[in-house]
Structure formats: C-alpha cells, structure tokens
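Visitor: Sequence below, structure please.
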Amino acid sequence: MYILSKKKLLFLYLCLASLLIPQENQTKEVEFLRIEKGALQTAIYTMSSKNLEIKLKIIGVIHVGEVAYYKNIYKITKELDYVYYEGIQMENSWLSSPKAFFLQTSVNSSKKDIQNISTFQNEFARYFDLVEQTEYLKPRANWINADVKFSDFLHILKNLEINLEQLSQNLALNTKVWLEQDNAPEDTVTIQDPREVVVQKYKRKMARYLIRSAKELCYDENMKLPREAIIIARNKVALTYLDEKLKSQVPLEIGLLYGAAHIPHFVEVMQNHYNFTIEQIEWLDAWRLDIN
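Guide: Model (predicted):
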C-alpha cells in the first residue's frame, strides 16, 4: 500500500505554494488554471494591440510538471524574440537559479533551510512521476530575468509588514484542512490499490486543491497585502522591462514566463493600461490525472 503521509504532503505542497499567491482584485475573473480533459492545465494568453506591432504571450507555468509539458513550453518560447522570466535575483551563487524564489519560505531562511525545501520539491516530483521546471526550462540567450532583487523584495515585505513564514504556515494549515475534507469517493485509497492508482488519486486531490486555493487567493480582498508584495510588485518590475520593447518600431513577439497565478494581473494591466486585447487562449496539460 503506497500512502503519502499528511505531514509529508504538506511539506510537498509548500514547494508549490508560490503558485497560490493572490492577484489584484478583478471585476471579472481571468482563468489561468483548470482541470479539463483528464489533466491539470495552465493557460497561455496571446495579446496584441491594433496600435503596435507587438504580440505578447503571457505563459503561465506550474513549477513541477511532466516532461512533455515543459518541452511544449520551451518549443513555444523558441519562436519568440524575447522572453522575460521570473526568479527573484539572488546575489549568492547557491540562490542564483530561476527557481530560487520558489524555495524561499521565510525571509530568514538559511541556506540549509532552502536546500531542505528543494529536497521536498524533488521528492514531490519523484513521487508523482513529474520533473522540476528548471530541469527543462533553461534560459536561452534571449531570455531576460525581469524580477526584483532579493534585497528589494525584503524591503517590500518590511514596508507591508508581511511575515512570509507565517503566511506559509497559514497556507499549510489551509491545505491540511481542505485535504482532510476532500473525500471524493473516486479518490479513496484502499490497501488493494497498486502504486499507479494511489499516485493518480493523490495527484487529482492536489490538483483540485491548487485550483480552488488559487482562485480564492487571487480574488480575496483579505489577501490584499500579500498579493501586493508577491505578485503585483514583481509584475510591475517585469512590465518596466516590457515598456522598452513596446517602443519598438519593428514587429516583435515577446513572452512573459511566470507562475500561472501571475496571469490575471498581467492580463488586467495589458488591457487597461496598454490597450491590448486577448487574441487567443491556449491550454497546456501540466499533469495527466487519468489512470492509463
């Protein structure tokens, strides 16, 4: 019988917690994460403006997924002139990778703490037969880190009086409560279940939780301060990079490669402040949730 303990499941969830940080309050919800056709899917929004020869692809990504998922994203980015990607810029070499932010659960975390979280993220990927984003989405020459510096991020948190460690603990508590309540009959684990069946049941449960939590956090006014720090402030930095390219006199195709929960705020700003419109919405399978 292959059972993932509740305690370990909570730790594994924290490795994905950055996906679940809220956005600017919207009058109309922007869909960015869903379960459709037997898979957990993330969105790609293609936007354009009649006044500019710029095409923008806002590529939402989940940070642990299937090999085919990341290969599809990488293929899409190869067709773009520039790709601006997230990853809080760290000065220390051991925090220099694009995934460094997603391993940061406390502003006072030590190198050892972050490496421990990284181990849990690796374990999450292995248990669910998935891989980590950074294994297959390696920056190319035309990729530009458009995120904040770590020192600036700490300053933002201080100004907003946010304790990121406490926020992570709250998310974990919410996870525990919801997972214990999520007793869909089709996901009940039995002693007779082979490993493949158990893994898929846990994946479906986790996928439902990610979607539910993401939607609640993205549009809950009670989460105004965290979304200001984690999403909006960082999106604004990315948009300053984009501003320069919007002045181009030649046609360009540009990508914003960010965690899926960044999409609603990006879409809102591009519509309201840059007069861009949604041209197309594509969906990519991140996790297959059916049993082969």
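Visitor: can you tell me which strand in this structure is longest?
Guide: strand 277-288 (DSSP state E).
Visitor: May I have the strands that pair with that one, each with its orientation?
Guide: strand 39-48 (antiparallel) (DSSP bridges).
Visitor: next SSE after the strand it pairs with?
Guide: strand 54-61 (DSSP states H and E).
Visitor: Sort out which residues of the longest strand of the chain are buried, please.
Guide: Using 16 or more other C-beta atoms under 10 Å as the test for burial, strand 277-288 gives 281, 283, 284, 285, 286, 287, 288. From N, CA and C alone the C-beta is placed, and that goes for glycine too.
Visitor: and residue 287, what is it in contact with?
Guide: 39, 40, 62, 65, 66, 69, 128, 130, 203, 207 (C-beta atoms under 8 Å, 6 or more residues apart in numbering).
Visitor: Residue 271: which of the residues you listed is nearest?
Guide: residue 62 (23.8 Å; C-beta to C-beta).
Visitor: For the closest one, which non-adjacent residue is spatially closest?
Guide: Spatial nearest neighbour of residue 62, excluding adjacent residues (C-beta to C-beta, 6 or more residues apart in numbering): residue 286 at 4.9 Å.
Visitor: Was I right to think that neighbour contacts residue 66?
Guide: Yes - using C-beta atoms under 8 Å, residue 286 is in contact with residue 66, at 6.7 Å.
Visitor: May I ask you to confirm that residue 162 belongs to a helix?
Guide: No - secondary structure of residue 162 (DSSP: H, G, I helix; E, B strand; the rest coil): coil, not part of a helix.
Visitor: I'd like to check which residues are in contact with the closest residue to it other than its chain neighbours.
Guide: Spatial nearest neighbour of residue 162, excluding adjacent residues (C-beta to C-beta, 6+ apart): residue 229 at 5.5 Å. Listed by C-beta under 8 Å, 6+ apart, the contact partners of residue 229 are 153, 156, 157, 160, 162.
Visitor: Please check the residues you listed and keep the buried ones.
Guide: 153, 156, 157, 162.
Visitor: Including secondary structure, could the residues you listed go into a markdown table?
Guide: Below are the buried ones among the contacts of residue 229 laid out as a markdown table (three-state DSSP):
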| residue | secondary structure |
| --- | --- |
| 153 | helix |
| 156 | helix |
| 157 | helix |
| 162 | coil |
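Visitor: Now do the helix ranked longest in the chain against strand 39-48: the angle between them, please.
Guide: Longest helix in the chain, counting residues (DSSP state H): helix 195-218. Interaxial angle of helix 195-218 relative to strand 39-48 (axes from the mean of the first three to the mean of the last three C-alpha atoms, to 10 degrees): 40 degrees.
Visitor: For this structure, just list every one of the strands.
Guide: 33-36, 39-48, 54-61, 64-65, 82-85, 131-132, 143-145, 252-259, 277-288.
Visitor: so which of these comes closest to residue 234?
Guide: Closest among those, using C-beta to C-beta: strand 252-259, at 8.4 Å.
Visitor: so what strands line up beside the closest one?
Guide: In the sheet, strand 252-259 lines up with strand 54-61 (parallel), strand 82-85 (parallel) (DSSP bridges).
Visitor: Quick one: closest of those strands to residue 45.
Guide: Using C-beta to C-beta, the nearest of these to residue 45 is strand 54-61, at 4.3 Å.
Visitor: Dump the strands of the chain into CSV; add mean pLDDT and distance to residue 197 as well.
Guide: Compiled in CSV, the strands of the chain are given as follows (pLDDT from 0 to 100; distance: least, C-beta to C-beta, whole Å):
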stretch, mean pLDDT, distance to residue 197
strand 33-36, 94, 18
strand 39-48, 97, 17
strand 54-61, 96, 28
strand 64-65, 91, 20
strand 82-85, 96, 36
strand 131-132, 88, 21
strand 143-145, 95, 39
strand 252-259, 96, 30
strand 277-288, 96, 14
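Visitor: Show me the one of those strands that comes nearest residue 217.
Guide: Nearest to residue 217 among these is strand 33-36; the distance by C-beta to C-beta comes to 11.4 Å.
Visitor: Now do stretch 147-157, average pLDDT.
Guide: Mean pLDDT, stretch 147-157: 83.
Visitor: If the residue nearest to residue 37 when sequence neighbours are not counted is in a bridge, with which residues?
Guide: Using C-beta to C-beta, 6+ apart and skipping residues adjacent in sequence, the residue nearest residue 37 is residue 285, 7.6 Å away. Following DSSP bridges, residue 285 is listed with bridge partners residue 41.
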